[in-house]
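Novice: below is the sequence, then the predicted model.
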Amino acid sequence: MINQMAKRVLSVAMAAAIAVTPYASALAATTEPDGRAAAAQAAIEEAAKAVAAKSLAGSTVAGKKSTASGSYFASVPVATTVTKQEIDEVIPHEKGEQVWVQTWDVTSKTAPAASAALDAAAEAAGYKPGRKLQMNFKIKTTGKPKMITSFKGSLPFKVQLNKKEAQSGEVAVVKVVPGGATEVLQDTDTNPYTVTVNVSDPEAAYELATK
């Protein structure tokens, strides 16, 4: 389900955030009377800030930032507020490593198979299809991020609803995992502007389905 759109989003994020340090160092060593070096450095820093701001917005639900670190680039904000210890118990990893969450939007153009599977499952359960996102978990290391094959349990994640979704009367979260298996997850909280579901898959796409 990791598609070209996801790769592009992650590439942009890494290019903006990771590149700041070496480029800034190089620019600091360059002196140009017309100020072009300073302007270029400022542009790089602004791009990094924009990426960070987008991830912050995507990981803040009901005013609380997710305790799970990551790159939250989906337009649907999601967050967990459990402790780091609880996260580590569900997703074990080595000392010095970090659980890393990645989210991005899913559409019929960027991920047609996942989008179609989600819509079909929502409609079969009597819901209307809605906004979709992909959420993956990895282990961040000093080298290449490691894939996670399974959880030892589940983690509660809250999803921020928009006004239309909150006023729909009933919202469920539809899930599809690699291989095509789907499931309808029911809301476990009482806040009309959020939905809380238990996440137990390292890689899955989700849809906010309404009545």
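Specialist: Done, it's in.
Novice: use CA for all of it now, contacts and neighbours both
Specialist: Fine.
Novice: element containing the most centrally placed residue in the chain?
Specialist: Of all residues in the chain, the one closest to the mean position by C-alpha atoms, centre = their mean is residue 103, 1.9 Å from it. When secondary structure is defined by DSSP states H and E, residue 103 falls within strand 98-105.
Novice: do the same with residue 151
Specialist: Assigned by DSSP H and E, residue 151 belongs to neither a helix nor a strand.
Novice: got a list of what it touches?
Specialist: 90-91, 200-202 (C-alpha atoms under 8 Å, 6 or more residues apart in numbering).
Novice: phi, psi for residue 55 please.
Specialist: With angles defined as degrees, to the nearest 10, residue 55 sits at phi -70, psi -40.
Novice: apologies, that question was intended for residue 151.
Specialist: Note on residue 151: its backbone torsions stand at phi -100, psi 160 [degrees, to the nearest 10].
Novice: ranges for the strands of this structure?
Specialist: With DSSP state E as the definition, the chain shows strands at residue ranges 60-61, 64-65, 70-72, 78-79, 98-105, 132-140, 146-147, 155-160, 171-176, 182-186, 194-199, 203-210.
Novice: worst mean pLDDT among those?
Specialist: With a mean of 90, strand 146-147 has the lowest mean pLDDT of those.
Novice: from residue 84, how far off is the residue nearest to residue 162 when sequence neighbours are not counted?
Specialist: The shortest distance from residue 162 to any residue other than its chain neighbours is 7.1 Å, reached at residue 193 (C-alpha to C-alpha, 6 or more residues apart in numbering). Counting by C-alpha to C-alpha, to the nearest Å, the gap from residue 193 to residue 84 is 25 Å.
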